[in-house]
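Colleague: just the structure for this:
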Amino acid sequence: QVQLVESGGGLVQAGGSLRLSCTASGRIFSINAMRWYRQAPGKQRELVAVITSGGFTNYADSVKGRFTISRDNAKNTVVLQMNSLKPEDTGVYYCNSDLRSSANLGWSAYWGQGTQVTVSS
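Modeller: Purely as a prediction, here's the structure:
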């Protein structure tokens, strides 16, 4: 079984910073892209940032210049550093990854349980 476990959410004032971390554990053969999504109350889940296995990154326009995604392949971990936070960044942040449990299996998508980020004005 594969698990993605997030940590690092919390309450912060506008202009502050938070660091989210997500670690994949279990039977893992290979990990492809790792992503962070968020879902605000009453809104659809949206992609915030993605990083490929080779380190290519892409961000939602709303977070460019403020958020940085990085990964440690040796630790199966992806980190989202969030700076200059705004109230509109509030939501539940989910880690997502495409990975293979063995060389004989195809790619599957896995999700973490989510971590709450609340930015007060």
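
Colleague: distance of Gly42 relative to Cys22?
Modeller: Per Cβ to Cβ, to the nearest Å, Gly42 is found 25 Å from Cys22. Every C-beta, even on glycine, is put in place using the N, C-alpha and C of the backbone.

Colleague: so for these two, which sits in the more crowded spot?
Modeller: More crowded of Gly42 and Cys22, by other Cβ atoms under 10 Å: Cys22, with 26 against 5.

Colleague: which residues touch the helix or strand where the more buried one lies?
Modeller: Per DSSP states H and E: Cys22 is located in strand 18-26. If you take Cβ atoms under 8 Å, 6 or more residues apart in numbering as the criterion, strand 18-26 is touched by 1-10, 12, 31, 34, 36, 75-82, 85, 93, 95, 97, 99, 101, 110, 112, 115, 117.

Colleague: residues in contact with the next helix-or-strand element following it?
Modeller: Using DSSP H and E, the next helix or strand after strand 18-26 towards the C-terminus is strand 30-39. Strand 30-39 has contacts (Cβ under 8 Å, 6+ apart) with 20, 22, 24, 45-53, 69, 71, 73, 76, 78, 80, 89, 91-100, 107, 114, 117.

Colleague: so which of those residues are in strands?
Modeller: Among the contacts of strand 30-39, the members found in strands (DSSP state E) are 20, 22, 24, 46-51, 69, 71, 78, 80, 91-100, 117.

Colleague: now the buried members of the contacts of strand 18-26.
Modeller: 2, 4, 6, 8-9, 12, 31, 34, 36, 76-82, 85, 93, 95, 97, 99, 101, 110, 112, 115, 117 (16 or more other Cβ atoms under 10 Å).

Colleague: let me see the backbone angles for Ser120.
Modeller: Dihedral angles phi and psi of Ser120 (degrees, to the nearest 10) take the values phi -90, psi 150.
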